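A.B. asks: Kindly generate the corresponding structure for this input.
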Amino acid sequence: MDYKKIIAAAAVIMLTLTSCGHTVPSDVEKPETQSDAIQIGLSIDSLLIERWSRERDLFVSKAQELGAEVNVQNANGVVEEQIKQIRYFIDKKMDVIVVIAIDDIALRETIEAAKKEGIKVIAYDRPIRNANVDLYLSVDNEKVGELMAEYIKKDIGNEGTIIQVKGSPTDFNVQMVQEGFERVLSTTKIKVDYAEFSNGWVAENGFTVTDEYLKTGRVPDAIMCGNDNLAAHAIRALIEHRLGGKVCVVGQDADLEACQRIVEGTQYMTVYKPVERLAIKAAERSVDMAKGIPLGLKDTFNDGTYDVPYDKLNPIAVTKSNMDEIITGKYHQKNEIYLNVQ
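C.D. replies: Reported below is the predicted structural model:
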């Protein structure tokens with residue numbers, strides 16, 4: 001038995017566990033790494049959002065497979081913590097920093113500091129404005145909005161009344177989703193009767209907005225929610241008003257509970273973003289960038305000041321009719337999706 005390998009593996013596990021969810025204070029001495037492996041820092045918005053846990057695991061696994069080491073930090077939705085974490089990565093001279101940004105504007109100066117030190121920066125899923133990152137890697141967010149609006153149009157017809165429970169106003173993806181959504185709605189007579197942002201992506205806002213609207217005596221034909229967490233709480237309000245399954249509710253992320261609600265009939269549609277491919281590609285891109293391998297991308301994204309390389313994947317609308325084709329056995333297991341309808 002090779003005890004050295006066992007001890008080394010245990011050390012890696014302990015490092016991963018201690019790094020996830022905690023910012024390492026700047027006044028704490030940590031031993032310098034003796035490894036010649038590529039060093040990647042991953043700063044996550046919040047692990048309270050289901051998809052980030054899945055993507056973290058996929059990213060770390062693929063990066064390790066490619067011979068890199070990953071330090072994961074969870075900012076718990078606090079932008080000041082995320083700034084500290086990125087500065088910690090700079091101090092530790094990471095080769096690449098991957099950021100799931102809480103605030104698309106507040107990180108600019110910190111990202112600029114990383115780039116001045118020669119560290120490559122990837123904006124993962126969400127852009128970072130005016131920062132000239134080395135890569136923006138995401139899905140086509142305008143297409144996400146288009147898919148939501150197209151489904152609502154298909155379900156309620158060319159006219160009707162809807163409400164929106166949008167995501168965080170500091171997440172630029174929300175604006176891009178909205179642009180796609182409005183582009184489709186502009187070809188209809190569908191009216192947005194009420195819309196509200198959800199600061200920090202607080203899911204309970206889905207309930208508050210929907211409940212207050214329903215208390216006026218009005219019932220929307222559809223509810224567009226910024227993600228599936230918001231949709232879950234909007235549906236809870238509908239159920240309390242005895243309207244569960246009677247109002248078209250759409251969301252995004254294809255969370256397991258959203259898929260369960262879709263086959264049960266309380267949520268009508270979600271947008272699946274191929275996050276497995278996104279996470280794996282992010283790890284591959286990180287390693288390539290650390291090695292100086294050209295990205296070879298033609299698409300660019302204007303961050304407000306700079307045109308940055310843009311690598312985007314296509315989202316897919318998921319409903320009860322195509323759940324098994326798109327999701328079952330690939331993203332979630334059948335026994336989990338159909339848990340409440342068997």
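A.B. asks: Output the below-cut-off pLDDT ranges for this structure.
C.D. replies: 1-35, 342 (pLDDT under 70).
A.B. asks: where exactly do the strands run in it?
C.D. replies: For the chain, strands defined by DSSP state E occupy the ranges 38-44, 68-74, 96-99, 120-124, 135-139, 159-165, 189-196, 222-225, 248-252, 269-272, 300-302, 307-313, 316-318.
A.B. asks: Of these, give the one that comes closest to Glu112.
C.D. replies: Smallest distance to Glu112 across these (CB to CB): 9.3 Å, for strand 120-124. From N, CA and C alone the C-beta is placed, and that goes for glycine too.
A.B. asks: got the buried residues for that closest one?
C.D. replies: 120-124 (16 or more other CB atoms under 10 Å).
A.B. asks: Tell me which strands it pairs with, and in which orientation.
C.D. replies: strand 96-99 (parallel), strand 135-139 (parallel) (DSSP bridges).
A.B. asks: okay, the angle between that strand and strand 38-44?
C.D. replies: Per axes from the mean of the first three to the mean of the last three CA atoms, to 10 degrees, the angle that strand 120-124 makes with strand 38-44 is 30 degrees.
A.B. asks: Kindly calculate the angle that strand 120-124 makes with strand 307-313.
C.D. replies: 50 degrees.
A.B. asks: how many neighbours does Val318 have?
C.D. replies: 23 (other CB atoms under 10 Å).
A.B. asks: swap in Ala101?
C.D. replies: 28.
A.B. asks: need the contact list for it.
C.D. replies: Applying CB atoms under 8 Å, 6 or more residues apart in numbering, we find Ala101 in contact with 45, 82, 107, 123, 126-128, 171.
A.B. asks: Now the buried members of those.
C.D. replies: 45, 82, 107, 123, 126-128, 171.
A.B. asks: and which of those residues is nearest Arg218?
C.D. replies: When the buried ones among the contacts of Ala101 are compared against Arg218 (criterion: CB to CB), the nearest one is Asp171, at 28.2 Å.
A.B. asks: would you turn the strands of the chain into a markdown table with distance to Phe89?
C.D. replies: Shown next, in a markdown table, are the strands of the chain (distance: least, CB to CB, whole Å):
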| stretch | distance to Phe89 |
| --- | --- |
| strand 38-44 | 3 |
| strand 68-74 | 7 |
| strand 96-99 | 5 |
| strand 120-124 | 10 |
| strand 135-139 | 16 |
| strand 159-165 | 34 |
| strand 189-196 | 35 |
| strand 222-225 | 33 |
| strand 248-252 | 29 |
| strand 269-272 | 31 |
| strand 300-302 | 23 |
| strand 307-313 | 19 |
| strand 316-318 | 33 |
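A.B. asks: which stretch among these comes nearest Phe207?
C.D. replies: Across the strands of the chain, Phe207 has its closest neighbour in strand 159-165 (9.2 Å, CB to CB).
A.B. asks: can you state the direction angle for that closest one and strand 189-196?
C.D. replies: Going by the same axes, to 10 degrees, strand 159-165 makes 20 degrees with strand 189-196.
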